[in-house]
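Enquirer: let me see the structure of the following:
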Amino acid sequence: MGMILDSSILIAAERGRLDLHGLFVMHPLEEFYIASITASELLHGVERANTPERRLKRQAYVEGVLQKIPQIEFDLQCARHHAKLWASLESSGQSIGAYDMLIAATALSRSHQMATLNVAEFNRVPGLVLVDVSTFKLVP
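Expert: Model prediction:
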């Protein structure tokens, strides 16, 4: 089984608020991935950097993540899960953010667990297995 890392995990790690290495060590048998939309979210953060120094630092971090953690493309299998999830959450009045729905559908389509700090939102997704990352949070 694999584990999808949400952007909240990667951003917290970049900011020194989460021990990402510790998460990897505690799950030695897992393969870690990010959804392709997560790559876009991270790259968006690079584009939004408000100083050249911050942009270079973010860019180095994001490019390192993109080289080390494989991305799962949004394919037809993901699209089928996404459509089903979207309809289900919408009809129950429990919708989540559009990008989060894409990430959840990616995890569901591959039967992967998901690591996120956005538990309140992702808890609404039926069948999605969330990984408790609370022990990896760091005090800044």
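Enquirer: tally up the residues packed near T106, please.
Expert: Applying other Cβ atoms under 10 Å, we find 27 residues neighbouring T106. C-beta: built from backbone N, CA, C; applies to glycine.
Enquirer: touching, it and I72? I think so.
Expert: Yes - using Cβ atoms under 8 Å, T106 is in contact with I72, at 5.3 Å.
Enquirer: quick one: common contacting residues for the two?
Expert: Taking Cβ atoms under 8 Å, 6 or more residues apart in numbering as the contact rule, T106 and I72 both touch 4, 35-36, 78.
Enquirer: tell me the pLDDT of P140.
Expert: Predicted confidence (pLDDT) for P140: 65.
Enquirer: give the contact list for R80.
Expert: Per Cβ under 8 Å, 6+ apart, neighbours of R80: S109.
Enquirer: any idea which element it lies in?
Expert: helix 76-92 (DSSP states H and E).
Enquirer: after that helix, which helix or strand is next?
Expert: Next along from helix 76-92, by DSSP H and E: helix 98-109.
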